[in-house]
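**Q** How does the following fold in three dimensions:
(chains A and B, ligands or ions: 1)
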Amino acid sequence: MAWNKPLPHPTSISQPYWDGLRDHEVRLQQCEHGHWLFFPRTHCPTCGSRQLIWRRVSGEGRLYTFTVGRVPTLPEFTDEMPQLLAVVELDEGVHLNTTLVGVDPADVRVGQRLRPVFDDRPGEVTLLRYTPVESAHPGVIAGEAAPAAVPAPGVEEKPKRRISCKDIAAMKSLVSEEFTGWSNAFEVTQEIINQFAALSGDDYWIHTDPERCKRESPFGTPIAHGALVQVLVSRLKMPMDYEVVDFVNIVNYGSDRLRFPAIVPSGCSIHGRCRVKSVEQLKSGVQVTLEINVHVVGQDRPSVINDLVMLYM
Amino acid sequence: MGLQGRAALVGAAQYKPEKYMSAPRMFHLEQIADLATQALDDAGMTLRDVDGLITSGAYFHEASSFVPAMVGEYLGVPLNFAEVIDLGGASSVGMVWRAAAAIELGLCDTVLCVIPSRMAPMSPHDDHAMEVMRSSRFGGHSTRFGAPEAEMDLPYGHMAQNTGYAMIAQRYAAQHGYDVAAMARICVDQRFNACHNPGAMFYGQPITVDDVLNSRMVADPLRMLEIVMPVAGGGAMIVTRADKARSLRHRPVLVAGCGEHVHSKSPTYAHDMLAMPIGPASRKAFAMAGLKPADMHMAQIYDCYTITVLLTLEDAGFCAKGEGMRFLREHDFTFQGNFPMNTHGGQLSFGQPGSAGGMTQVIEAMQQIQGRAGERQLARHDLAYVSGTGGVMSEQGALVLRGDQ
Ligand SMILES: [Zn+2]
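**A** Predicted coordinates for the structure are as follows:
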């Protein structure tokens, strides 16, 4: 998949730095008086010297500070949620911006030792990320076999409780404020969005034209149709610990409520969860309202809320 | 050296903060003319008195250069001093001292300082509108070729203000410890003040420490209620010669001291992320005024985030470095308390009208000193400290204002 995030455009001054990363080396400038500097410049900001040379360094350092971003700084970064933004102080004393990989946000500590991870995924350039020295994370993230940013939670097939739709007390006991765990994750690629646009006839540029979105859309990248994300629920396996049995027919009555509170940027993964909101005995059968919420992985705010009404007859 | 207190703030006007989308759209020139006449009315002056102008240039709608000439022509005012300022949230503090300096130098008599912050009407064929939208998308970071941040920050998702301030707060926590409840009190006390200010966005909506702590985490450790709400607004202030000010409508508010300091654009590249430019700026302002932090009757501290307030209290010298949490626990920041701060509600509760956000603080200090702050009027109200902050602690300024005796 094409890299849809902002990319650096190296200048003639910074090119050696990016060339270094591409060779999986960290290179920094040093002036004749031994001062190290970053970002790349034409002079030393400490002493003003213009006698600078590029040197290879280990790239190791300590975590100077970090934050766990819970709201994407741009929609394009939604797949990294939560964003582990960090400033690293290299052993040479300079600071640089990066993101941490291979560490749980709860285990991040200011001052911890970090080692570089060369991220080849963007294609034209290699980005420099960091991981704790003791982490098992590989030192290179390969371009082609890019690991999913968030591994899909394994959906275990456990034996399920069987609940008869004739047993109204048992059916009512399913009603809960608690949602199930998360389903598997499913990637909403631009290709799927294009297919849906062709099928539905809704080919508005905000869904289908990445170049124009880059220029004119407040999101900067195409977004999936709300209706598309709604139907993709069929791709999500919700870990429910019961199954309803003893019915002759299920009728989908539609939705009590259908909302699209947050966008799904192209290339993001979605997952979902649900809960039984209400169970009612009607003359014709048992009516179950299932609240289904679909989120972009890592996002608190749901992208689809669907109160789906089903009748078991 | 320094200002002699021969220039005074005499009047001001600001739009009531409103949600961006529901606020009226006006051309920036139109807003400037409207705010200018309102502020001059407040002072008891007219456009004929004005011979100096400072406005904000960033995001100015109708032009990207030659802005003061365009504004002077629109107002019909020949100018002896004209300037555009580009210090983000520190712009208003920067305007006041520049105006005072120009007046004390004898360059001009009366300066209009004005920042329009309502959206302008947009035409679909307007490239500028697209550029403003693009820049707001990147949180004020430059995306242009050759800009270090475009190359080194944006590809990693480092952009906009929330995460930058959060990283400063996290560094503070690691070095000095962090008391979330004490930090939340900043929001709660300021909200109390806003509840006594009918002009504030959050008038009539008190909050508790629990409300702050239960609000959504945005970027650890900063929560939703610790972050300003951007609003449409804008304001204008009039600075004139102190001798002239004495014959006008309100008590002259003398500009007694000022300081400004600009360092790294991104806090990442600061030598010490916790040493704020407001330190040197405030020391200069107090020294110029011949006063100490403890002499102040109020502090109107730029508060885009709670962490901005904490670090300003420390670096401006209201308490020692690392003592901020204790200082927060020991003081009541309401207008009724032992350390009146952001008596209008602060931007956290008044709302942040873009670059004019910092102007709400200058105007509140002026009105308090003039004795016309209504219900929230302080008993002791002769001396005020005001700070301004632009970028992510990139550019900061301080004023010491003194009521004319
Ligand atoms: Zn040097």
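
**Q** Residue B:399 is in what secondary structure piece?
**A** According to DSSP states H and E, residue B:399 maps onto strand B:395-403.

**Q** helix or strand right after the worst-scoring helix or strand of chain B on mean pLDDT?
**A** Ranking every helix and strand in chain B by mean pLDDT, DSSP states H and E puts helix B:127-137 at the bottom, with a mean of 70. The C-terminal neighbour of helix B:127-137 among helices and strands, as given by DSSP H and E, is helix B:148-152.

**Q** mean confidence for the strand or helix carrying residue B:362?
**A** For residue B:362, the element it lies in under DSSP H and E is helix B:357-369. When pLDDT is averaged along helix B:357-369, the result is 98.

**Q** Wait, a strand at residue B:387?
**A** Yes - counting by DSSP: H, G, I helix; E, B strand; the rest coil, residue B:387 falls inside a strand.

**Q** Can you name the residues that contact the closest residue to residue A:224 other than its chain neighbours?
**A** For residue A:224, ignoring the flanking residues on the chain, the nearest one in space by CB to CB, 6 or more residues apart in numbering or on different chains is residue A:264 at 4.2 Å. The C-beta positions use only the backbone N, C-alpha and C, and glycine is treated the same way. If you count contacts by CB atoms under 8 Å, 6 or more residues apart in numbering or on different chains, residue A:264 has them with A:188, A:223, A:224, A:229, A:270, A:296, A:303.

**Q** So which of those residues belong to helices?
**A** Secondary structure from DSSP state H places residue A:229 of those in helices.

**Q** Mind telling me the two of the contacts of residue A:264 farthest from one another?
**A** Greatest spacing in the contacts of residue A:264, by CB to CB: A:223 and A:270 (12.2 Å).

**Q** follow-up on the earlier one: any idea how far the helix holding residue B:362 is from the chain center?
**A** 9 Å (CA atoms, centre = their mean, to the nearest Å).

**Q** Could you tell me how many residues sit around the nearest residue to residue A:168 once chain neighbours are set aside?
**A** Closest residue to residue A:168 apart from its sequence neighbours, by CB to CB, 6+ apart: residue A:281 at 5.1 Å. Using other CB atoms under 10 Å in any protein chain shown, residue A:281 has 11 neighbouring residues.

**Q** Looking at the stretch 301-405 of chain B, which residue is nearest chain A?
**A** residue B:307 (11.2 Å; CB to the nearest CB).

**Q** Now do the SS call for that residue.
**A** Using three-state DSSP, the structure places residue B:307 in helix.

**Q** try residue B:172
**A** Secondary structure, three-state DSSP: residue B:172 is helix.

**Q** Would you mind measuring from it to residue A:255?
**A** Distance, residue B:172 to residue A:255, by CB to CB, to the nearest Å: 47 Å.

**Q** For the ion, see how far away the residue nearest to residue A:224 is.
**A** Distance, residue A:264 to the ion, using CB to the ion, to the nearest Å: 49 Å.

**Q** Can you report phi and psi for that residue?
**A** Main-chain dihedrals, residue A:264, degrees, to the nearest 10: phi -120, psi 100.

**Q** neighbouring contacts of whichever strand or helix holds residue B:243?
**A** In this structure, residue B:243 sits in helix B:242-245 according to DSSP H and E. With CB under 8 Å, 6+ apart as the test, helix B:242-245 has contacts from B:5, B:6, B:7, B:8, B:10, B:109, B:110, B:252, B:254, B:404.

**Q** mind running it again at 6 Å?
**A** B:6, B:8, B:10, B:252 (CB atoms under 6 Å, 6 or more residues apart in numbering or on different chains).

**Q** Would you mind listing the buried residues in the helix holding residue B:362?
**A** Across helix B:357-369, burial judged by 16 or more other CB atoms under 10 Å in any protein chain shown covers B:357-369.

**Q** Settle it for me: which of residue B:172 and residue A:255 has more neighbours?
**A** Legend: neighbour count by other CB under 10 Å for residue B:172 and residue A:255, higher for residue B:172 (23 against 16).

**Q** Tell me how far the closest residue to that one other than its chain neighbours lies from residue B:168.
**A** Nearest non-adjacent residue to residue B:172, counting by CB to CB, 6+ apart: residue B:274, 5.9 Å away. Counting by CB to CB, the separation of residue B:274 from residue B:168 is 7 Å.

**Q** if you count what's nearby, which of those two comes out ahead?
**A** Comparing residue B:274 with residue B:168 by other CB under 10 Å, the one with more neighbours is residue B:168, at 26 against 20.

**Q** Over to the more buried one. Which of the three states is it?
**A** Residue B:168 ends up helix, using three-state DSSP.

**Q** Could you report the distance from it to the ion?
**A** According to CB to the ion, residue B:168 and the ion sit 27 Å apart.

**Q** So what's the predicted local confidence for that residue?
**A** So residue B:168 comes in at 98 (pLDDT).

**Q** likewise residue B:124?
**A** Residue B:124 is assigned 65 on the pLDDT scale.

**Q** Other residues contacting the strand holding residue B:399?
**A** B:87, B:90, B:93-94, B:96, B:251, B:253-254, B:256-262, B:277-278, B:281-282, B:285, B:289, B:291, B:365, B:369, B:382-384, B:386-389.

**Q** Given the helix or strand residue A:244 falls within, what are its sheet partners and their directions?
**A** Assigned by DSSP H and E, residue A:244 belongs to strand A:242-245. In the sheet, strand A:242-245 lines up against strand A:161-164 (parallel) (DSSP bridges).

**Q** in the helix holding residue B:243, what counts as buried?
**A** By 16+ other CB under 10 Å, the buried positions in helix B:242-245 come out as B:242, B:244, B:245.

**Q** try stretch B:76-83
**A** For stretch B:76-83, by 16+ other CB under 10 Å, it's B:77, B:79, B:81, B:82, B:83.

**Q** mind listing which of these are in strands?
**A** Among the buried residues of stretch B:76-83, DSSP state E puts B:81, B:82, B:83 in strands.
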